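Colleague: output the structure for:
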Amino acid sequence: MGYFKAQNVLPEEVIKLIQEYVDGEYLYIPRKNGNEKSWGEKKGTRNCLKERNVEIFKKHIAGANVIELAEQYYLSEKSIRRIISKEKISGS
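Modeller: Model (predicted):
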């Protein structure tokens with residue numbers, strides 16, 4: 001999440017009104033209803049993890065074992081098993 005200078009995006013009268021409640025502090029302004037972004041959507045993290053998981057599954061199908069995959073991807077064996085299980089279900 002980035003920050004904007006209030007002076008650059010808000011009219012002066014709005015800034016003065018906000019200062020009546022919060023003076024010199026950080027203020028989070030939530031997104032409008034319906035404009036929320038799901039986890040990983042903004043920076044593409046969700047897609048990167050999905051691609052990684054599909055890659056792990058394909059390597060497993062090709063013969064790589066759970067221990068090798070855990071070492072290669074710096075994940076626990078339990079995480080690798082969970083990924084393989086989910087990918088089997090999703091039909092990748």
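
Colleague: may I have the phi/psi pair for the residue of the chain most remote from its centre?
Modeller: Farthest-out residue of the chain from its mean C-alpha position, per C-alpha atoms, centre = their mean: Glu13, at 35.6 Å. For Glu13, the backbone dihedrals (degrees, to the nearest 10) come out as phi -70, psi -30.

Colleague: mean confidence score for the helix of greatest length in the chain?
Modeller: Assignment by DSSP state H gives helix 45-61 as the longest helix of the chain. The average pLDDT within helix 45-61 is 94.

Colleague: C-alpha coordinates for that helix, PDB please?
Modeller: In PDB, the C-alpha atoms belonging to helix 45-61 read as follows (Å, rounded to 0.1, in the frame of the first residue of the first chain):
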ATOM      1  CA  THR A  45       1.200 -12.800  -5.900                       C
ATOM      2  CA  ARG A  46      -1.800 -15.100  -6.200                       C
ATOM      3  CA  ASN A  47      -0.900 -15.900  -9.900                       C
ATOM      4  CA  CYS A  48       2.800 -16.400  -9.100                       C
ATOM      5  CA  LEU A  49       1.900 -18.900  -6.400                       C
ATOM      6  CA  LYS A  50      -0.600 -20.700  -8.600                       C
ATOM      7  CA  GLU A  51       2.100 -21.000 -11.300                       C
ATOM      8  CA  ARG A  52       4.600 -22.300  -8.700                       C
ATOM      9  CA  ASN A  53       2.100 -24.900  -7.400                       C
ATOM     10  CA  VAL A  54       1.300 -26.200 -10.900                       C
ATOM     11  CA  GLU A  55       5.100 -26.500 -11.500                       C
ATOM     12  CA  ILE A  56       5.500 -28.400  -8.300                       C
ATOM     13  CA  PHE A  57       2.700 -30.700  -9.300                       C
ATOM     14  CA  LYS A  58       4.100 -31.300 -12.700                       C
ATOM     15  CA  LYS A  59       7.500 -32.100 -11.300                       C
ATOM     16  CA  HIS A  60       5.900 -34.600  -8.900                       C
ATOM     17  CA  ILE A  61       4.000 -36.300 -11.700                       C
END
